[in-house]
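S.K.: 3D, please:
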Amino acid sequence: MALPLPLLERATEDGATFGLTRHMSPNARMLPVISDRMPSRAPAPGEQYRFHFDMRKCIGCKCCVVACNEQNGNPSDINWRRVGEIEGGFYPNAVKHYLSMGCNHCLEPTCLSGCPVDAYAKEPVSGIVTHSADACIGCQYCTWNCSYGVPQYNPERGVVGKCDMCHGRLSMGQSPACVSACPEGAIQIEIVKTADWRTAVANAVRPGDLPTPGMPTADGSLSTTRVTMADLPPNARPRDITHVTPEHPHWSLILMTVLTQLSVGAFVTIWLMQLLGASSRLGIAALSSLTVGSLALGAATLHLGRPAYAYRALKMWRRSWLSREVLLFSAFSGVAGAYAGILWFGLAGGALIGGVTAAIGLAGVTASACIYRVPSRPAWNTPFTLVQFNLTAGVLGPLFAAAVGAGDRRMLAIAAAGMAMGQAVLLALKFFRCIASDTLELKGTAHLLSTVLKKQFVARGVLLALGAIVPLAAPPGAGMLVFVLALLAALGGEILGRYLFFVSVVPKHLAAPYVAAASEAA
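M.R.: Got it, this is the predicted structure:
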(Lines give C-alpha, C1' and ligand atoms only; values in the text may rest on other atoms or scores of the structure.)
Protein backbone atom coordinates (compact mmCIF):
# COMPACT_ATOMS: atom_id res chain seq x y z
CA MET A 1 0.00 0.00 0.00
CA ALA A 2 1.34 3.44 -0.93
CA LEU A 3 1.50 5.91 1.97
CA PRO A 4 0.91 9.65 1.37
CA LEU A 5 4.08 11.67 1.87
CA PRO A 6 3.13 13.20 5.29
CA LEU A 7 2.28 9.74 6.66
CA LEU A 8 5.51 8.33 5.26
CA GLU A 9 7.50 11.09 6.96
CA ARG A 10 5.70 10.54 10.29
CA ALA A 11 6.24 6.78 10.11
CA THR A 12 9.93 7.35 9.45
CA GLU A 13 10.19 9.66 12.45
CA ASP A 14 8.59 6.91 14.61
CA GLY A 15 11.36 4.52 13.63
CA ALA A 16 9.70 2.55 10.85
CA THR A 17 11.85 1.53 7.90
CA PHE A 18 10.79 0.73 4.36
CA GLY A 19 12.34 -1.21 1.55
CA LEU A 20 11.49 0.30 -1.84
CA THR A 21 11.43 -1.92 -4.91
CA ARG A 22 11.31 -0.52 -8.44
CA HIS A 23 8.80 -2.39 -10.62
CA MET A 24 8.95 -1.85 -14.38
CA SER A 25 7.14 -3.46 -17.21
CA PRO A 26 9.29 -5.15 -19.85
CA ASN A 27 8.44 -2.36 -22.35
CA ALA A 28 9.04 0.56 -19.98
CA ARG A 29 11.87 2.93 -20.83
CA MET A 30 14.53 3.41 -18.16
CA LEU A 31 14.64 7.01 -16.90
CA PRO A 32 17.93 8.86 -17.38
CA VAL A 33 20.41 8.66 -14.52
CA ILE A 34 20.75 12.03 -12.75
CA SER A 35 24.56 11.83 -12.75
CA ASP A 36 24.49 11.78 -16.54
CA ARG A 37 23.01 15.26 -16.46
CA MET A 38 25.92 16.86 -14.57
CA PRO A 39 29.59 17.40 -15.45
CA SER A 40 32.09 15.29 -13.55
CA ARG A 41 34.36 18.24 -12.71
CA ALA A 42 34.33 21.94 -11.93
CA PRO A 43 35.00 24.56 -14.61
CA ALA A 44 38.65 25.31 -15.34
CA PRO A 45 39.94 28.84 -16.07
CA GLY A 46 38.26 30.13 -19.24
CA GLU A 47 35.25 27.85 -18.72
CA GLN A 48 31.86 28.12 -17.06
CA TYR A 49 28.70 26.15 -16.38
CA ARG A 50 25.79 26.36 -18.78
CA PHE A 51 22.42 24.75 -19.47
CA HIS A 52 21.91 22.32 -22.31
CA PHE A 53 18.31 21.83 -23.37
CA ASP A 54 17.24 19.05 -25.75
CA MET A 55 14.03 20.11 -27.46
CA ARG A 56 13.58 16.62 -28.90
CA LYS A 57 13.06 15.16 -25.42
CA CYS A 58 10.86 17.80 -23.78
CA ILE A 59 7.18 16.81 -23.42
CA GLY A 60 5.98 20.14 -21.97
CA CYS A 61 5.08 18.69 -18.55
CA LYS A 62 6.52 21.75 -16.74
CA CYS A 63 7.96 19.65 -13.93
CA CYS A 64 11.01 21.92 -14.20
CA VAL A 65 8.86 25.00 -13.57
CA VAL A 66 7.21 23.47 -10.50
CA ALA A 67 10.53 22.23 -9.11
CA CYS A 68 12.12 25.65 -9.57
CA ASN A 69 9.24 27.39 -7.78
CA GLU A 70 9.35 24.94 -4.89
CA GLN A 71 13.11 25.21 -4.56
CA ASN A 72 13.03 29.03 -4.45
CA GLY A 73 9.73 29.60 -2.67
CA ASN A 74 8.12 31.50 -5.52
CA PRO A 75 4.36 31.80 -6.07
CA SER A 76 2.81 30.11 -9.08
CA ASP A 77 2.66 33.31 -11.16
CA ILE A 78 6.40 34.04 -10.83
CA ASN A 79 8.42 31.56 -12.84
CA TRP A 80 12.20 31.74 -12.94
CA ARG A 81 12.05 28.87 -15.44
CA ARG A 82 9.45 28.97 -18.18
CA VAL A 83 8.31 26.60 -20.91
CA GLY A 84 7.31 28.12 -24.24
CA GLU A 85 5.30 26.39 -26.94
CA ILE A 86 6.50 26.41 -30.54
CA GLU A 87 4.02 25.45 -33.24
CA GLY A 88 4.34 24.97 -36.98
CA GLY A 89 3.57 22.86 -39.97
CA PHE A 90 0.30 22.48 -41.85
CA TYR A 91 -2.67 20.22 -41.38
CA PRO A 92 -2.51 17.27 -41.10
CA ASN A 93 1.22 17.52 -40.32
CA ALA A 94 1.12 20.20 -37.64
CA VAL A 95 3.75 19.86 -34.91
CA LYS A 96 4.30 21.28 -31.43
CA HIS A 97 7.54 21.46 -29.49
CA TYR A 98 8.60 23.07 -26.24
CA LEU A 99 11.49 25.22 -25.10
CA SER A 100 12.32 25.29 -21.39
CA MET A 101 14.48 28.22 -20.35
CA GLY A 102 15.79 29.67 -17.11
CA CYS A 103 18.63 32.15 -16.88
CA ASN A 104 21.12 31.74 -19.71
CA HIS A 105 24.06 33.01 -17.63
CA CYS A 106 25.22 35.10 -20.53
CA LEU A 107 28.81 36.07 -21.25
CA GLU A 108 27.79 39.75 -21.48
CA PRO A 109 24.64 39.88 -19.32
CA THR A 110 22.54 42.95 -20.06
CA CYS A 111 20.78 42.62 -16.72
CA LEU A 112 24.16 43.26 -15.07
CA SER A 113 25.25 46.13 -17.30
CA GLY A 114 21.94 47.99 -16.95
CA CYS A 115 21.34 47.55 -13.22
CA PRO A 116 21.60 50.96 -11.47
CA VAL A 117 22.50 49.47 -8.07
CA ASP A 118 24.97 46.75 -9.12
CA ALA A 119 22.72 43.98 -7.79
CA TYR A 120 24.02 41.50 -10.37
CA ALA A 121 27.37 39.73 -10.46
CA LYS A 122 28.96 37.11 -12.68
CA GLU A 123 30.85 34.60 -10.58
CA PRO A 124 34.43 34.30 -11.87
CA VAL A 125 34.73 30.53 -11.37
CA SER A 126 31.31 29.11 -12.28
CA GLY A 127 30.18 31.89 -14.68
CA ILE A 128 26.77 31.92 -12.99
CA VAL A 129 24.99 35.31 -13.02
CA THR A 130 23.74 35.93 -9.49
CA HIS A 131 21.35 38.56 -8.13
CA SER A 132 21.45 40.19 -4.70
CA ALA A 133 17.98 40.78 -3.26
CA ASP A 134 19.58 42.91 -0.51
CA ALA A 135 21.04 45.36 -3.03
CA CYS A 136 17.96 45.41 -5.30
CA ILE A 137 15.61 48.41 -5.08
CA GLY A 138 12.90 46.89 -7.28
CA CYS A 139 13.25 49.33 -10.20
CA GLN A 140 12.50 46.46 -12.63
CA TYR A 141 14.82 47.85 -15.31
CA CYS A 142 16.50 44.45 -15.67
CA THR A 143 13.14 42.85 -16.53
CA TRP A 144 13.11 45.00 -19.67
CA ASN A 145 16.83 44.88 -20.34
CA CYS A 146 17.15 41.09 -20.51
CA SER A 147 16.74 39.66 -24.00
CA TYR A 148 14.84 36.70 -22.56
CA GLY A 149 12.70 38.31 -19.84
CA VAL A 150 14.47 36.15 -17.25
CA PRO A 151 14.37 38.44 -14.16
CA GLN A 152 10.93 38.43 -12.56
CA TYR A 153 9.59 41.13 -10.22
CA ASN A 154 7.95 39.95 -7.01
CA PRO A 155 5.60 42.69 -5.76
CA GLU A 156 5.21 41.05 -2.34
CA ARG A 157 8.95 41.17 -1.72
CA GLY A 158 9.52 44.40 -3.62
CA VAL A 159 12.56 42.99 -5.41
CA VAL A 160 13.49 41.12 -8.57
CA GLY A 161 14.60 37.48 -8.60
CA LYS A 162 16.01 35.11 -11.18
CA CYS A 163 17.41 31.65 -11.78
CA ASP A 164 20.89 31.20 -10.30
CA MET A 165 21.33 27.60 -11.49
CA CYS A 166 20.69 26.55 -7.87
CA HIS A 167 24.31 27.46 -7.14
CA GLY A 168 23.83 26.41 -3.53
CA ARG A 169 23.01 22.89 -4.67
CA LEU A 170 25.85 22.94 -7.19
CA SER A 171 28.33 23.82 -4.45
CA MET A 172 27.30 20.62 -2.66
CA GLY A 173 27.61 18.51 -5.79
CA GLN A 174 23.86 18.36 -6.39
CA SER A 175 22.07 19.08 -9.65
CA PRO A 176 19.74 22.08 -9.97
CA ALA A 177 16.09 21.46 -9.16
CA CYS A 178 14.96 21.72 -12.78
CA VAL A 179 17.59 19.22 -13.90
CA SER A 180 16.63 16.70 -11.23
CA ALA A 181 12.89 17.07 -11.83
CA CYS A 182 12.85 16.58 -15.60
CA PRO A 183 11.47 13.09 -16.26
CA GLU A 184 12.93 12.97 -19.77
CA GLY A 185 16.42 14.29 -19.08
CA ALA A 186 15.85 17.24 -21.41
CA ILE A 187 17.82 19.66 -19.18
CA GLN A 188 21.47 19.14 -18.37
CA ILE A 189 24.38 21.10 -16.95
CA GLU A 190 27.59 21.14 -18.94
CA ILE A 191 30.84 23.06 -19.11
CA VAL A 192 31.65 25.40 -22.00
CA LYS A 193 34.87 27.12 -23.02
CA THR A 194 33.86 30.77 -23.19
CA ALA A 195 36.31 31.76 -25.94
CA ASP A 196 35.12 28.94 -28.18
CA TRP A 197 31.49 29.82 -27.52
CA ARG A 198 32.07 33.47 -28.40
CA THR A 199 33.52 32.39 -31.72
CA ALA A 200 30.67 29.96 -32.35
CA VAL A 201 28.03 32.61 -31.64
CA ALA A 202 29.83 35.14 -33.85
CA ASN A 203 29.83 32.61 -36.70
CA ALA A 204 26.25 31.46 -36.08
CA VAL A 205 24.94 33.75 -38.83
CA ARG A 206 27.07 34.62 -41.82
CA PRO A 207 25.95 36.79 -44.73
CA GLY A 208 23.86 34.70 -47.09
CA ASP A 209 23.72 31.70 -44.74
CA LEU A 210 20.86 30.39 -42.63
CA PRO A 211 21.16 30.68 -38.83
CA THR A 212 22.88 27.75 -37.13
CA PRO A 213 20.18 25.70 -35.36
CA GLY A 214 20.29 25.97 -31.57
CA MET A 215 22.66 28.95 -31.51
CA PRO A 216 21.60 32.29 -29.95
CA THR A 217 21.60 34.66 -32.92
CA ALA A 218 20.98 38.42 -32.72
CA ASP A 219 21.64 38.37 -28.98
CA GLY A 220 24.14 40.92 -27.71
CA SER A 221 24.15 39.41 -24.23
CA LEU A 222 25.73 36.17 -25.60
CA SER A 223 23.57 33.51 -24.00
CA THR A 224 25.55 30.39 -23.13
CA THR A 225 22.57 28.00 -23.20
CA ARG A 226 22.96 25.31 -25.86
CA VAL A 227 19.76 24.06 -27.45
CA THR A 228 19.52 20.82 -29.37
CA MET A 229 16.74 21.67 -31.79
CA ALA A 230 13.93 19.43 -32.92
CA ASP A 231 13.10 19.18 -36.62
CA LEU A 232 11.07 22.39 -36.92
CA PRO A 233 9.07 23.31 -40.04
CA PRO A 234 9.95 26.60 -41.75
CA ASN A 235 6.87 28.37 -40.38
CA ALA A 236 7.52 27.42 -36.73
CA ARG A 237 6.86 30.21 -34.29
CA PRO A 238 6.14 30.63 -30.57
CA ARG A 239 2.44 30.26 -29.89
CA ASP A 240 2.11 32.96 -27.24
CA ILE A 241 3.68 35.69 -29.38
CA THR A 242 0.70 35.43 -31.76
CA HIS A 243 -1.74 35.86 -28.84
CA VAL A 244 -0.58 39.24 -27.52
CA THR A 245 -2.19 41.08 -24.63
CA PRO A 246 -1.52 44.58 -23.23
CA GLU A 247 1.42 44.93 -20.87
CA HIS A 248 1.39 46.56 -17.43
CA PRO A 249 0.84 50.35 -17.69
CA HIS A 250 3.28 51.46 -14.91
CA TRP A 251 1.23 54.53 -13.96
CA SER A 252 3.90 56.00 -11.71
CA LEU A 253 6.35 56.00 -14.64
CA ILE A 254 3.72 57.49 -16.94
CA LEU A 255 3.19 60.43 -14.59
CA MET A 256 6.89 60.81 -13.83
CA THR A 257 8.06 60.88 -17.44
CA VAL A 258 5.29 63.17 -18.74
CA LEU A 259 5.46 65.67 -15.88
CA THR A 260 9.25 65.87 -15.84
CA GLN A 261 9.14 66.53 -19.57
CA LEU A 262 6.52 69.22 -19.00
CA SER A 263 8.78 70.82 -16.40
CA VAL A 264 11.84 70.70 -18.65
CA GLY A 265 9.85 72.06 -21.60
CA ALA A 266 8.57 74.92 -19.47
CA PHE A 267 12.05 75.88 -18.26
CA VAL A 268 13.43 75.77 -21.81
CA THR A 269 10.55 78.01 -22.90
CA ILE A 270 11.12 80.42 -20.00
CA TRP A 271 14.81 80.65 -20.79
CA LEU A 272 14.17 81.34 -24.48
CA MET A 273 11.61 84.00 -23.59
CA GLN A 274 14.14 85.64 -21.29
CA LEU A 275 16.70 85.70 -24.09
CA LEU A 276 14.09 87.34 -26.34
CA GLY A 277 13.50 90.07 -23.78
CA ALA A 278 10.28 88.91 -22.10
CA SER A 279 10.07 89.51 -18.36
CA SER A 280 6.41 89.29 -17.29
CA ARG A 281 5.56 86.50 -14.84
CA LEU A 282 8.66 84.47 -15.67
CA GLY A 283 9.34 83.96 -11.96
CA ILE A 284 5.84 82.60 -11.36
CA ALA A 285 6.14 80.30 -14.36
CA ALA A 286 9.52 79.01 -13.15
CA LEU A 287 8.31 78.32 -9.61
CA SER A 288 5.17 76.59 -10.92
CA SER A 289 7.25 74.45 -13.26
CA LEU A 290 9.66 73.59 -10.44
CA THR A 291 6.73 72.42 -8.33
CA VAL A 292 5.46 70.16 -11.10
CA GLY A 293 8.93 68.71 -11.63
CA SER A 294 9.40 68.04 -7.92
CA LEU A 295 6.07 66.23 -7.71
CA ALA A 296 7.00 64.17 -10.75
CA LEU A 297 10.33 63.09 -9.28
CA GLY A 298 8.57 62.18 -6.06
CA ALA A 299 6.12 60.02 -8.02
CA ALA A 300 9.03 58.13 -9.55
CA THR A 301 9.80 56.47 -6.21
CA LEU A 302 6.34 54.89 -6.24
CA HIS A 303 7.56 52.61 -9.01
CA LEU A 304 10.26 51.15 -6.81
CA GLY A 305 9.66 48.05 -4.77
CA ARG A 306 11.93 49.47 -2.04
CA PRO A 307 11.60 53.27 -2.29
CA ALA A 308 13.54 53.83 0.93
CA TYR A 309 16.68 52.81 -0.98
CA ALA A 310 16.07 55.05 -4.00
CA TYR A 311 19.37 56.86 -3.37
CA ARG A 312 21.22 53.71 -4.47
CA ALA A 313 20.13 54.37 -8.05
CA LEU A 314 22.95 56.93 -8.38
CA LYS A 315 25.58 54.24 -7.95
CA MET A 316 26.16 52.98 -11.50
CA TRP A 317 25.95 56.23 -13.49
CA ARG A 318 28.95 55.19 -15.61
CA ARG A 319 27.03 52.41 -17.36
CA SER A 320 23.31 52.51 -16.46
CA TRP A 321 20.94 54.93 -18.19
CA LEU A 322 18.62 54.75 -15.20
CA SER A 323 21.40 55.96 -12.92
CA ARG A 324 22.18 58.74 -15.40
CA GLU A 325 18.53 59.77 -15.48
CA VAL A 326 18.41 60.00 -11.68
CA LEU A 327 21.67 61.94 -11.59
CA LEU A 328 20.64 64.40 -14.31
CA PHE A 329 17.20 65.10 -12.89
CA SER A 330 18.67 65.53 -9.41
CA ALA A 331 21.04 68.13 -10.85
CA PHE A 332 18.17 69.66 -12.83
CA SER A 333 16.14 70.13 -9.65
CA GLY A 334 18.95 71.99 -7.96
CA VAL A 335 19.86 74.24 -10.89
CA ALA A 336 16.20 74.87 -11.77
CA GLY A 337 15.54 75.90 -8.17
CA ALA A 338 18.38 78.41 -8.37
CA TYR A 339 17.10 79.72 -11.71
CA ALA A 340 13.57 80.11 -10.36
CA GLY A 341 14.95 82.04 -7.38
CA ILE A 342 16.95 84.36 -9.65
CA LEU A 343 13.87 85.12 -11.76
CA TRP A 344 11.64 85.62 -8.73
CA PHE A 345 14.00 88.08 -7.03
CA GLY A 346 15.17 89.69 -10.27
CA LEU A 347 18.84 88.88 -9.75
CA ALA A 348 21.59 89.00 -12.37
CA GLY A 349 22.99 85.97 -14.15
CA GLY A 350 19.62 84.45 -15.02
CA ALA A 351 20.39 83.85 -18.68
CA LEU A 352 23.48 81.76 -17.91
CA ILE A 353 21.81 79.68 -15.20
CA GLY A 354 18.76 79.32 -17.43
CA GLY A 355 20.90 77.89 -20.22
CA VAL A 356 22.47 75.37 -17.83
CA THR A 357 18.98 74.43 -16.57
CA ALA A 358 17.72 73.87 -20.12
CA ALA A 359 20.77 71.79 -21.10
CA ILE A 360 20.64 69.53 -18.04
CA GLY A 361 16.87 69.15 -18.36
CA LEU A 362 17.04 68.10 -22.01
CA ALA A 363 19.86 65.71 -21.17
CA GLY A 364 17.65 64.20 -18.47
CA VAL A 365 14.76 63.74 -20.90
CA THR A 366 17.11 62.07 -23.38
CA ALA A 367 18.44 59.77 -20.64
CA SER A 368 14.84 58.83 -19.80
CA ALA A 369 14.27 57.85 -23.41
CA CYS A 370 17.52 55.85 -23.55
CA ILE A 371 16.28 53.68 -20.66
CA TYR A 372 13.69 52.22 -23.04
CA ARG A 373 16.09 51.69 -25.94
CA VAL A 374 16.42 47.97 -25.19
CA PRO A 375 16.52 45.22 -27.86
CA SER A 376 14.04 43.09 -25.93
CA ARG A 377 11.29 45.67 -26.63
CA PRO A 378 11.38 46.31 -30.42
CA ALA A 379 8.63 48.96 -30.31
CA TRP A 380 10.74 51.00 -27.88
CA ASN A 381 14.14 50.32 -29.40
CA THR A 382 14.05 53.04 -32.02
CA PRO A 383 15.25 56.67 -32.36
CA PHE A 384 11.55 57.59 -32.43
CA THR A 385 11.53 57.14 -28.65
CA LEU A 386 14.17 59.85 -28.21
CA VAL A 387 12.24 62.23 -30.44
CA GLN A 388 8.90 61.39 -28.82
CA PHE A 389 10.06 62.19 -25.28
CA ASN A 390 11.61 65.50 -26.33
CA LEU A 391 8.56 66.48 -28.38
CA THR A 392 6.39 65.94 -25.31
CA ALA A 393 8.49 68.60 -23.59
CA GLY A 394 8.16 70.78 -26.70
CA VAL A 395 4.35 70.55 -26.74
CA LEU A 396 3.64 70.96 -23.04
CA GLY A 397 6.31 73.54 -22.17
CA PRO A 398 4.96 76.48 -24.21
CA LEU A 399 1.35 75.68 -23.28
CA PHE A 400 2.28 75.62 -19.59
CA ALA A 401 4.02 78.99 -19.84
CA ALA A 402 1.01 80.44 -21.67
CA ALA A 403 -1.40 78.98 -19.11
CA VAL A 404 0.36 80.79 -16.23
CA GLY A 405 0.41 84.02 -18.23
CA ALA A 406 4.12 84.26 -19.05
CA GLY A 407 5.32 85.83 -22.32
CA ASP A 408 3.52 86.34 -25.62
CA ARG A 409 0.69 83.81 -25.64
CA ARG A 410 0.25 83.97 -29.39
CA MET A 411 3.87 83.07 -30.04
CA LEU A 412 3.71 80.32 -27.44
CA ALA A 413 0.59 78.89 -29.08
CA ILE A 414 2.34 78.79 -32.46
CA ALA A 415 5.36 77.05 -30.94
CA ALA A 416 3.17 74.45 -29.22
CA ALA A 417 1.20 73.84 -32.42
CA GLY A 418 4.40 73.25 -34.38
CA MET A 419 5.62 70.74 -31.81
CA ALA A 420 2.22 69.03 -31.75
CA MET A 421 2.34 68.66 -35.53
CA GLY A 422 5.72 66.97 -35.19
CA GLN A 423 4.28 64.67 -32.52
CA ALA A 424 1.36 63.75 -34.78
CA VAL A 425 3.70 62.92 -37.67
CA LEU A 426 5.82 60.81 -35.32
CA LEU A 427 2.72 59.00 -34.08
CA ALA A 428 1.80 58.06 -37.64
CA LEU A 429 5.35 57.02 -38.54
CA LYS A 430 5.61 54.73 -35.51
CA PHE A 431 2.29 53.06 -36.34
CA PHE A 432 3.20 52.57 -40.01
CA ARG A 433 6.58 51.17 -38.96
CA CYS A 434 4.82 48.52 -36.88
CA ILE A 435 2.41 47.63 -39.67
CA ALA A 436 5.11 47.38 -42.33
CA SER A 437 7.54 45.40 -40.18
CA ASP A 438 8.25 41.70 -40.67
CA THR A 439 8.87 41.12 -36.96
CA LEU A 440 6.11 39.48 -34.98
CA GLU A 441 6.67 41.78 -32.00
CA LEU A 442 6.04 44.97 -34.01
CA LYS A 443 3.09 43.40 -35.77
CA GLY A 444 1.75 42.52 -32.34
CA THR A 445 2.05 46.17 -31.28
CA ALA A 446 0.15 47.26 -34.40
CA HIS A 447 -2.50 44.62 -33.68
CA LEU A 448 -3.01 45.92 -30.13
CA LEU A 449 -3.23 49.56 -31.26
CA SER A 450 -5.79 48.71 -33.95
CA THR A 451 -7.99 46.42 -31.84
CA VAL A 452 -8.18 46.39 -28.04
CA LEU A 453 -6.44 49.78 -27.71
CA LYS A 454 -8.12 51.42 -30.71
CA LYS A 455 -10.28 53.85 -28.71
CA GLN A 456 -7.35 55.05 -26.63
CA PHE A 457 -5.20 55.40 -29.74
CA VAL A 458 -7.80 57.61 -31.45
CA ALA A 459 -8.45 59.62 -28.30
CA ARG A 460 -4.73 60.30 -27.98
CA GLY A 461 -4.66 61.92 -31.41
CA VAL A 462 -7.84 63.92 -30.76
CA LEU A 463 -6.55 65.36 -27.49
CA LEU A 464 -3.23 66.26 -29.11
CA ALA A 465 -5.07 68.09 -31.87
CA LEU A 466 -7.31 69.93 -29.42
CA GLY A 467 -4.35 71.10 -27.40
CA ALA A 468 -2.72 72.52 -30.52
CA ILE A 469 -5.76 73.96 -32.28
CA VAL A 470 -7.66 75.61 -29.42
CA PRO A 471 -5.02 78.29 -28.71
CA LEU A 472 -4.57 79.08 -32.41
CA ALA A 473 -8.32 79.34 -32.98
CA ALA A 474 -8.83 81.62 -29.98
CA PRO A 475 -9.24 85.39 -30.60
CA PRO A 476 -6.21 87.62 -29.89
CA GLY A 477 -7.60 88.78 -26.55
CA ALA A 478 -8.52 85.33 -25.28
CA GLY A 479 -8.19 84.91 -21.55
CA MET A 480 -6.07 82.50 -19.55
CA LEU A 481 -8.89 79.92 -19.40
CA VAL A 482 -8.46 79.06 -23.09
CA PHE A 483 -4.79 78.21 -22.60
CA VAL A 484 -5.48 76.29 -19.41
CA LEU A 485 -8.01 74.14 -21.28
CA ALA A 486 -5.55 73.66 -24.14
CA LEU A 487 -2.84 72.61 -21.67
CA LEU A 488 -5.20 70.12 -20.01
CA ALA A 489 -6.14 68.64 -23.38
CA ALA A 490 -2.53 68.32 -24.50
CA LEU A 491 -1.48 66.94 -21.11
CA GLY A 492 -4.26 64.36 -21.25
CA GLY A 493 -3.14 63.40 -24.75
CA GLU A 494 0.49 62.97 -23.70
CA ILE A 495 -0.46 60.91 -20.64
CA LEU A 496 -2.64 58.72 -22.84
CA GLY A 497 0.17 58.45 -25.37
CA ARG A 498 2.62 57.35 -22.68
CA TYR A 499 0.06 54.82 -21.44
CA LEU A 500 -0.08 53.35 -24.94
CA PHE A 501 3.72 53.40 -25.04
CA PHE A 502 3.84 51.02 -22.08
CA VAL A 503 0.86 48.76 -22.70
CA SER A 504 1.24 48.23 -26.45
CA VAL A 505 4.86 47.05 -26.42
CA VAL A 506 5.33 43.34 -27.19
CA PRO A 507 8.46 41.83 -25.59
CA LYS A 508 10.67 39.50 -27.56
CA HIS A 509 9.87 35.88 -26.91
CA LEU A 510 12.39 33.82 -24.96
CA ALA A 511 12.83 31.62 -28.05
CA ALA A 512 13.50 34.52 -30.42
CA PRO A 513 17.32 34.27 -30.45
CA TYR A 514 17.17 30.49 -30.94
CA VAL A 515 14.28 29.91 -33.35
CA ALA A 516 14.81 31.56 -36.73
CA ALA A 517 11.08 32.10 -37.31
CA ALA A 518 10.46 33.45 -33.83
CA SER A 519 10.87 37.07 -34.87
CA GLU A 520 9.79 36.87 -38.48
CA ALA A 521 6.33 36.86 -39.94
CA ALA A 522 5.42 33.68 -41.73
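
S.K.: before we move on, which element is the spatially most central residue of the chain in?
M.R.: In the chain, the residue lying closest to the centroid (CA atoms, centre = their mean) is Trp144, at 1.8 Å. Element membership of Trp144 [criterion: DSSP states H and E] is helix 141-145.

S.K.: mean confidence for the helix or strand following that helix?
M.R.: Scanning forward in sequence from helix 141-145 by DSSP H and E, the next helix or strand is strand 152-154. Across strand 152-154, pLDDT averages out at 95.

S.K.: and for stretch 500-507?
M.R.: Averaged across stretch 500-507, the pLDDT comes to 96.

S.K.: for it, which outside residues touch it?
M.R.: 144, 149, 241, 244, 246-250, 253-254, 376-380, 388, 440-442, 444-445, 448-449, 453, 456-457, 460 (CB atoms under 8 Å, 6 or more residues apart in numbering). For glycine as for every other residue, the C-beta is placed from the backbone atoms N, C-alpha and C.

S.K.: hmm, who's touching stretch 295-306?
M.R.: Residues outside stretch 295-306 that contact it (CB under 8 Å, 6+ apart): 136-140, 153-155, 157-160, 250, 252-253, 255-256, 258-260, 262-263, 307, 310, 329, 333.

S.K.: where does pLDDT dip in the protein?
M.R.: Along the chain, the parts satisfying pLDDT under 70 run over 1-35, 205-211, 218, 242, 477, 516-522.

S.K.: which helix runs longest in it?
M.R.: Determined from DSSP state H, the single longest helix within the chain is helix 409-436.

S.K.: buried set for it?
M.R.: Neighbour counts over helix 409-436 (16 or more other CB atoms under 10 Å) mark 409, 412-413, 415-417, 419-420, 422-424, 426-427, 430-431, 433-434 as buried.

S.K.: now swap in stretch 163-171 and tell me
M.R.: Residues of stretch 163-171 classed as buried by neighbour count (16+ other CB under 10 Å): Cys163, Asp164, Met165, Cys166, Arg169, Leu170.

S.K.: re earlier: ok, the residue nearest to the centre of the chain - contacts?
M.R.: By CB under 8 Å, 6+ apart, Trp144 lies in contact with Tyr372, Val374, Ser376, Arg377, Pro507.

S.K.: and the contacts of stretch 295-306, which of them are buried?
M.R.: Listed as buried from the contacts of stretch 295-306 are 136-140, 153-154, 157-160, 250, 252-253, 255-256, 258-260, 262-263, 310, 329, 333; burial here means 16+ other CB under 10 Å.

S.K.: let's see which of those residues end up in helices.
M.R.: The members of those that map onto helices under DSSP H are Ser252, Leu253, Leu255, Met256, Val258, Leu259, Thr260, Leu262, Ser263, Phe329, Ser333.

S.K.: a markdown table for the residues you listed, including distance to Ile469?
M.R.: Below are these laid out as a markdown table (distance: CB to CB, whole Å):
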| residue | distance to Ile469 |
| --- | --- |
| Ser252 | 31 |
| Leu253 | 29 |
| Leu255 | 25 |
| Met256 | 28 |
| Val258 | 20 |
| Leu259 | 23 |
| Thr260 | 26 |
| Leu262 | 19 |
| Ser263 | 24 |
| Phe329 | 32 |
| Ser333 | 33 |
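
S.K.: return the member of those residues nearest to Pro183.
M.R.: Leu253 (42.2 Å; CB to CB).

S.K.: report how many residues lie close to the closest residue to that closest one other than its chain neighbours.
M.R.: In space, and not counting its chain neighbours, Leu253 is closest to His303: 5.4 Å by CB to CB, 6 or more residues apart in numbering. His303: 19 surrounding residues under other CB atoms under 10 Å.

S.K.: with the one 10 residues further on instead?
M.R.: Using other CB under 10 Å, Ala313 has 25 neighbouring residues.

S.K.: was I right about it contacting Leu322?
M.R.: Yes. Taking CB atoms under 8 Å as the definition, Ala313 is a contact partner of Leu322 at 6.3 Å.

S.K.: find the residues that touch each one of the two.
M.R.: Common contacts of Ala313 and Leu322 (CB under 8 Å, 6+ apart): Pro116, Cys139.

S.K.: can you report phi and psi for Glu87?
M.R.: Phi and psi for Glu87, reported as degrees, to the nearest 10, are phi -120, psi 150.

S.K.: surely it meets Ala236?
M.R.: Yes. Using CB under 8 Å as the test, Glu87 is close enough to Ala236 to be in contact (6.9 Å).

S.K.: what sits in contact with each of these two?
M.R.: In contact with both Glu87 and Ala236: Val95, using CB under 8 Å, 6+ apart.

S.K.: start from the N-terminal end of this protein and give the strands.
M.R.: 47-54, 82-88, 95-101, 120-122, 129-131, 152-154, 159-161, 187-193, 226-228, 237-238 (DSSP state E).

S.K.: just checking: what are the partner strands of the fifth one?
M.R.: When pairs are called by DSSP bridges, strand 129-131 turns out to pair with strand 120-122 (antiparallel).
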